[in-house]
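K.L.:
what's the 3D shape of this:
(one chain, ligands or ions: 1)
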Amino acid sequence: MINPSNNDNLTSLSSSSDDVARNFISRGLIFLQDIQILELLLALLVFVAIHSLRQKKHCGLPVWPFLGMLPSLVSGLQGNMYEWISDILCDRNGTFEFKGPWFSSLNCVVTADPRNLEHLLKTKFPNYPKGQYFRDTVGDLLGGGIFNADDEKWHRQRKTASIEFHSTKFRQLTTESLLELVHSRLLPVLENAVNNSTAIDIQDILLRLTFDNVCMIAFGVDPGCLRPGLPDIPFARAFEDATEATLLRFVTPTCIWKAMRKCHKDKKKELSMQSEDDSMKQRSDLLTVFMGSKDENGNRFSDRFLRDICVNFILAGRDTSSVAMSWFFWLLDSHPTVEEKIVSEICKIIGEREDLNTKAPIVFRPEEIKKMDYLQAALSEALRLYPSVPVDHKEVVEDDIFPDGTVLKKGTKVIYAIYAMGRMEAIWGSDCREFKPERWLRGVDGRFMSESAYKFTAFNGGPRLCLGKDFAYYQMKSVVASILCRYHVKVVKDQVVVPKLALTMYMKHGLKVNLVKREESELQKYLHV
Ligand code: HEM
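P.N.:
Numbering: from 1, shown residues only. Here you go, the predicted model:
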């Protein structure tokens, strides 16, 4: 208790009341400071909100101080990124400028305007190379290979590969290897699944098929991914890991290089033996052709460069067509009339055979595959809506202006949104989101008519048009026709189908299907129309 007569007590009373006052003042000051900080934060928030709202009206997307459009990109990444880009591009009449955070190199121009595509892929081709940024990102995996090369380095590879792709020997190799793969490997695996009544992941099976096929074409070696039991192949797994790692820029794909080095050392040994043994069958795979070629100085290509060539070709031809077929089968599941028309076309073509034997298993001939116009239209329509390469990119060398008026500064990155292009009413009309193979057919006899490569950009366009386009169509038509004339492909209930965020548009969860044998009577019905 406090005694008023006691000085000490009084002193202590007065000092404690001073303390209380001091405490009170300092707390008040802290409180005021807190309020000021709060006010400041509130003011900043209001500023940012007003700023972003004003920007939204101005540019289509909010541009946040320091962060640019990053918050919108992050929220776009939560859902379907490609749909998000498509919506913005439709809203912005085909082109928009993405502003990344100030500390990043994400600034770029995104376009889906065919006039701009023609400009950058053809008219001003030298001004739009892949560029340093791309080379730095994927250089560890692609090295100096065709995908990663520009200018003379690209031109040299393109010329050699182009001659090879158009040679009779190469066409023969691709046709024969595909026939073998379909009949000795794909169909037995499918038949096995039918007999065991098991659902299969058709995307996985098709990826295995095209991986084996492209390895046979690129360096004459069959890795055997598509076999009963669907074995895990370390080389294929290493390739997958390395491409995924490249996307994330955490790359050290030594495992691939070791595998590639081994393949091509074996090939060197084989070639040296070949010169000794003339009776050995002549090989016509890409590696053999490049090993026999010389550079502009008359020197043989280095081992490292040959390895890059192989990696690039595998990457180009490995997943693109299998992924396209997977999306195609998924679309077909909900479009039975399209399926009926494809089967009817196949049967009609088979029915024209003079030596038709309805009891023998159907093995398509190359000239029959080429006649399948409706099937080609249906595959093109699937690729229009689900292009295997959903976005691609270039870098601006010198300041330029796009035909739509967009100003481009030297060094700007340009993204062309192939997926979004299939969803632009301005390009394909109001039914652009519908799966309609008929839009590719012309005339009374319904012949397939290709579209401008700057409108339908699934295979790129201009001097860098996909080198494997004809082969890819041939491969996809052979595989699809061989499956559809034997089975109905039914997607399992509750299958979630969404694209994976990667350089190639895989289905994130694969595509589980049940195969149902097609009745003989159904084929007979079409055979006699
Ligand atoms: C549906 C199947 C395919 C699609 C949609 C497709 C699409 C493309 C695209 C978009 C490009 C341009 C890539 C870029 O420059 O960034 C390209 C280039 C290329 N494709 Fe394909 N492709 C397919 C199948 C194939 C196949 C099966 C092969 C080979 C066996 C192949 C070989 C190439 C090559 C070598 C290039 C590089 C051309 C160059 O840069 O000059 N493609 N392809």
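
K.L.:
only C-alpha atoms for contact and neighbour calcs from this point on.
P.N.:
Will do.

K.L.:
leaving out the residues flanking it, which one is nearest to Ile85?
P.N.:
Nearest non-adjacent residue to Ile85, counting by CA to CA, 6 or more residues apart in numbering: Ala420, 6.8 Å away.

K.L.:
now that neighbour: which helix or strand?
P.N.:
Here Ala420, judged by DSSP states H and E, is contained in helix 418-421.

K.L.:
report whether that helix contacts the ligand.
P.N.:
No. Using CA under 6 Å from any ligand atom, helix 418-421 never reaches the ligand; the gap is at least 8.5 Å.

K.L.:
helices or strands up against that helix?
P.N.:
Here helix 418-421 touches helix 81-91, strand 391-395, going by 3 or more CA pairs under 8 Å, 6 or more residues apart in numbering; DSSP states H and E.

K.L.:
next secondary structure after that helix?
P.N.:
helix 425-428.

K.L.:
what strands line up against whichever helix or strand comes after that next one, and which way round?
P.N.:
Later in the chain than helix 425-428, the nearest helix or strand by DSSP H and E is strand 441-442. Note on strand 441-442: by DSSP bridges, its sheet partners are strand 447-448 (antiparallel).

K.L.:
any idea of the mean pLDDT in the partner strand?
P.N.:
The predicted model assigns strand 447-448 a mean pLDDT of 96.

K.L.:
relative to the whole chain's centre, how far out is it?
P.N.:
27 Å (CA atoms, centre = their mean, to the nearest Å).

K.L.:
okay, and the closest residue to Asn460 other than its chain neighbours sits in which element?
P.N.:
Leaving aside its chain neighbours, Asn460 sits nearest to Cys466 (6.1 Å; criterion: CA to CA, 6+ apart). Under DSSP H and E, no helix or strand contains Cys466.

K.L.:
go on, the one 5 residues further on?
P.N.:
Element membership for Phe471 (DSSP H and E) is helix 469-484.

K.L.:
got a pLDDT number for Gly79?
P.N.:
pLDDT, Gly79: 80.

K.L.:
oh, I was asking about Asp278
P.N.:
Looking at Asp278, its pLDDT stands at 40.

K.L.:
for Met325, phi and psi?
P.N.:
When read as degrees, to the nearest 10, the backbone of Met325 gives phi -70, psi -30.

K.L.:
I'd assumed Lys477 was in contact with it.
P.N.:
No. Counting by CA atoms under 8 Å, Met325 stays clear of Lys477, with 9.3 Å between them.

K.L.:
so between those two, which is more surrounded?
P.N.:
Met325 (24 against 20; other CA atoms under 10 Å).

K.L.:
so what's that one up against?
P.N.:
Neighbouring residues of Met325 by CA atoms under 8 Å, 6 or more residues apart in numbering: 203, 206, 379, 476, 480.

K.L.:
low-confidence regions, the stretch 201-350 of the chain specifically.
P.N.:
Residue ranges of the stretch 201-350 of the chain with pLDDT under 70: 244-284, 296.

K.L.:
which residues in it form helices?
P.N.:
Assigned by DSSP state H, counting those that start in this stretch, the stretch 201-350 of the chain shows helices spanning 202-219, 234-247, 254-276, 286-292, 303-318, 320-333, 336-351.

K.L.:
could you dump those into CSV and include distance to Val63?
P.N.:
CSV is the format used below for these (distance: least, CA to CA, whole Å):
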stretch, distance to Val63
helix 202-219, 39
helix 234-247, 26
helix 254-276, 41
helix 286-292, 48
helix 303-318, 36
helix 320-333, 35
helix 336-351, 45
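
K.L.:
need those helices in CSV with distance to the ligand, can you?
P.N.:
As requested, the helices of the stretch 201-350 of the chain are exported to CSV (distance: least, CA to the nearest ligand atom, whole Å):
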stretch, distance to the ligand
helix 202-219, 6
helix 234-247, 14
helix 254-276, 17
helix 286-292, 10
helix 303-318, 4
helix 320-333, 4
helix 336-351, 18
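
K.L.:
and the ones you listed: which comes nearest Arg227?
P.N.:
helix 202-219 (8.8 Å; CA to CA).

K.L.:
how far does the closest one sit from the chain's center?
P.N.:
16 Å.

K.L.:
pull out the buried positions in that helix.
P.N.:
Across helix 202-219, burial judged by 16 or more other CA atoms under 10 Å covers 202-219.

K.L.:
do stretch 62-81 as well
P.N.:
Neighbour counts over stretch 62-81 (16+ other CA under 10 Å) mark 62-64, 68-71, 73, 81 as buried.

K.L.:
what's the end-to-end length of that stretch?
P.N.:
This stretch, stretch 62-81, spans 17 Å end to end (CA to CA, to the nearest Å).

K.L.:
just how off-centre is it within its chain?
P.N.:
Distance, centroid of stretch 62-81 to centroid of chain: 22 Å (CA atoms, centre = their mean).

K.L.:
who in the stretch 101-250 of the chain is up against the ligand?
P.N.:
Contact residues, the stretch 101-250 of the chain versus the ligand (CA under 6 Å from any ligand atom): 146-147, 158, 214.

K.L.:
how about 8 Å then?
P.N.:
Residues of the stretch 101-250 of the chain lying near the ligand by CA under 8 Å from any ligand atom: 130, 146-149, 154-155, 158, 161, 210, 214, 217-218.

K.L.:
which SS state does the residue of the stretch 51-200 of the chain found nearest the ligand fall under?
P.N.:
With CA to the nearest ligand atom as the measure, Phe147 is the residue of the stretch 51-200 of the chain nearest to the ligand, at 4.9 Å. Of the three states, Phe147 takes helix under DSSP: H, G, I helix; E, B strand; the rest coil.

K.L.:
for it, report the pLDDT, please.
P.N.:
Taking Phe147 on its own, its pLDDT is 87.

K.L.:
what's the local residue count around it?
P.N.:
Count around Phe147 with other CA under 10 Å applied: 23.

K.L.:
any idea how far Val138 is from it?
P.N.:
Counting by CA to CA, the gap from Phe147 to Val138 is 10 Å.

K.L.:
what do you get for Leu40?
P.N.:
45 Å.
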